[in-house]
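> Predicted model follows, preceded by the sequence.
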There are 2 protein chains.
Amino acid sequence: MLSLTEENYLKAIYHLSDGGAKSVLTNELAEAMSTKAASATDMIKKLSAKELISYEKYYGVNVTAKGKAEALAVVRKHRLWETFLVQKLAFTWDEVHEVAEQLEHIHSPRLIDKLDEFLGFPKVDPHGDPIPDGKGKLKVLPQVGLDQVKAGFQGIITAVKDSDSNLLKYLDKISAKPGLKIKVINKEEYDESLEVLLDNKKVFLSKEVSKNILVSG
Amino acid sequence: MLSLTEENYLKAIYHLSDGGAKSVLTNELAEAMSTKAASATDMIKKLSAKELISYEKYYGVNVTAKGKAEALAVVRKHRLWETFLVQKLAFTWDEVHEVAEQLEHIHSPRLIDKLDEFLGFPKVDPHGDPIPDGKGKLKVLPQVGLDQVKAGFQGIITAVKDSDSNLLKYLDKISAKPGLKIKVINKEEYDESLEVLLDNKKVFLSKEVSKNILVSG
DNA sequence: AATATTTTTTAGACTAATCTAAAATTTATA
DNA sequence: TATAAATTTTAGATTAGTCTAAAAAATATT
């Protein structure tokens, strides 16, 4: 069984690699884990010995099929717990992340399946991120950052990046939630800021914000 | 903040001391933690330095007021999670203990207060054990082991000892649950086995079992 | 009361995860 | 392309929690 630390490193590698699409450098990983490169190298060797990642010295790491499955199991737990916290315990979405970071490490397959059932088998978490199913299948939605679309775009918000609690508070304030309709009225060339219609209200968004809102046309 | 290991040792000391009523010997503690006396001594020194227990070399340890408060916070979390698992996720009471052992170490005051509210501020857990309130107050019920009462006794089951999963499965089979009425019809002098009326059904109980059923008259 | 037994503590070693400093390797630049 | 700069790895040390073996102290027994 993986230690808590191993699980956290593996999850970080999984996310940094965009779900296994690209390889991850030692320094990136060290920064993501708020640790030093030497520590990352040590852990890389451990995970590599367990065949959860493949590793070529000096050229970064990739998750193996086995590693991806383990990482997805953790992601599944994280997102189910976030859903529980918001839906059942009335947490706001900016509060859930750090608690879910702890809850995701509880080991009990029975618990997570029961929780899934209790929540009604949700497909996405409160940020709009897809929840892997019990077999580790992840449905990736076709979506794009709101900073990538042109003036005139119409669609719905599919997800928001959940990296920063202050961002989430702001998104909550302007009620930019997954599921809502959004239309780009105007795009300012100079700073790429947007004027959008969100839930029938006119809102101005800086690029700093719009790149964290994911939409589907 | 306490480490997971420190929390587990402190909780063990709290339980072994009957909630602070008596002192705990190094060997008792080592056995409860499935470890060696030398390890227990090391941890005793650490907890003592943090003033969670008081310690006189060779004569065992006692929890301090501070230590008792910390231990009760862990007990509160454990029992609330057990209640959640049984009431909301349909776990049977023999399954909950080991999962609750993990969940009790999640650090988030907000989480536990929300959970308490979600569960409707329960007073006791599924085994009948009282749940400390948010201020660390524990209501101890006047109760006695069923092996201590005389033939003719009538009362209700207030709790069952939750030490052993097989015992709990057996108690579940004969439906000896907290809250049920119980009457002792006859007590066999030789082996102290009992013939009881439980939920209007006649059942025979060995002393091995009866001592794990707590009743109030 | 002297000795044997049991319990507890100390001393020293081991593993996991971390660190700093130095060495090795790759990448960038002049 | 030789050298400088950046990145990565290695080497050796540190901390938390554990262990075994030996020493110290308390308790039990003759």
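Nice, thanks for sending it over. Numbers count the residues shown, from 1 in each chain, chains lettered A, B, ... in the order given.

> Which helix or strand lies directly C-terminal to the worst-scoring helix or strand of chain A on mean pLDDT?
Every helix and strand of chain A was ranked by mean pLDDT, DSSP states H and E. The lowest is helix A:165-173, at a mean of 91. Downstream of helix A:165-173, the next assigned helix or strand under DSSP states H and E is strand A:181-187.

> Tell me the strands beside the helix or strand following that following strand, with direction?
Counting by DSSP H and E, the element after strand A:181-187 in chain order, helix or strand, is strand A:194-198. In the sheet, strand A:194-198 lines up against strand A:181-187 (antiparallel), strand A:201-205 (antiparallel) (DSSP bridges).

> and strand A:194-198, average pLDDT?
Over the span of strand A:194-198, the pLDDT mean works out to 96.

> still on that earlier bit, make CSV from the strands paired with strand A:194-198 and add mean neighbour count and distance to A:Y9 to it.
Just so you know, the C-beta spots here come from the backbone N, C-alpha and C atoms, and that holds for glycine as well. Shown next, in CSV, are the strands paired with strand A:194-198 (neighbours: other Cβ atoms under 10 Å in any protein chain shown; distance: least, Cβ to Cβ, whole Å):
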stretch, mean neighbour count, distance to A:Y9
strand A:181-187, 16, 36
strand A:201-205, 14, 35
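
> How many residues are close by the closest residue to A:K202 other than its chain neighbours?
Nearest residue to A:K202 in three dimensions, chain neighbours excluded: A:E195, at 6.8 Å (Cβ to Cβ, 6 or more residues apart in numbering or on different chains). Using other Cβ atoms under 10 Å in any protein chain shown, the number of residues around A:E195 comes to 15.

> what about A:E195, distance to chain B?
37 Å (Cβ to the nearest Cβ, to the nearest Å).

> doesn't A:K183 make contact with that residue?
No. Counting by Cβ atoms under 8 Å, A:E195 sits too far from A:K183 to count as a contact (9.8 Å).

> what's A:G20 in contact with, if anything?
Applying Cβ atoms under 8 Å, 6 or more residues apart in numbering or on different chains, we find A:G20 in contact with A:Y14, A:N62, A:V63, A:K68.

> typo on my end, it should be A:V75
Going by Cβ under 8 Å, 6+ apart, A:V75 touches A:K11, A:Y14, A:E104, A:P132, A:L138.

> Is it correct that the third one is in contact with A:H78?
Yes. Counting by Cβ under 8 Å, A:E104 touches A:H78, with 4.0 Å between them.

> Show me what from chain A comes close to chain B.
By the rule Cβ under 8 Å from any Cβ of the partner chain, the part of chain A lying against chain B is A:85, A:88-91, A:95, A:98-99, A:102-103, A:106-108, A:110-111, A:114-115, A:118.

> when you check DNA strand D, which of those residues turn up near it?
Among the residues of chain A next to chain B, no residue lies close to DNA strand D (Cβ under 7 Å from any atom of the strand).

> Of these, which belong to strands?
Among the residues of chain A next to chain B, no residue falls in strands (DSSP state E).

> Please list the members of those residues that lie in helices.
With DSSP state H as the criterion, helices contain A:L85, A:E98, A:V99, A:Q102, A:L103, A:R110, A:L111, A:K114, A:L115, A:F118 from among those.

> pLDDT at the spatially most distant residue from the centre of chain A, what is it?
Distance from the C-alpha centroid of chain A, by Cα atoms, centre = their mean, peaks at A:Y190 (29.7 Å). Listed pLDDT for A:Y190 reads 96.
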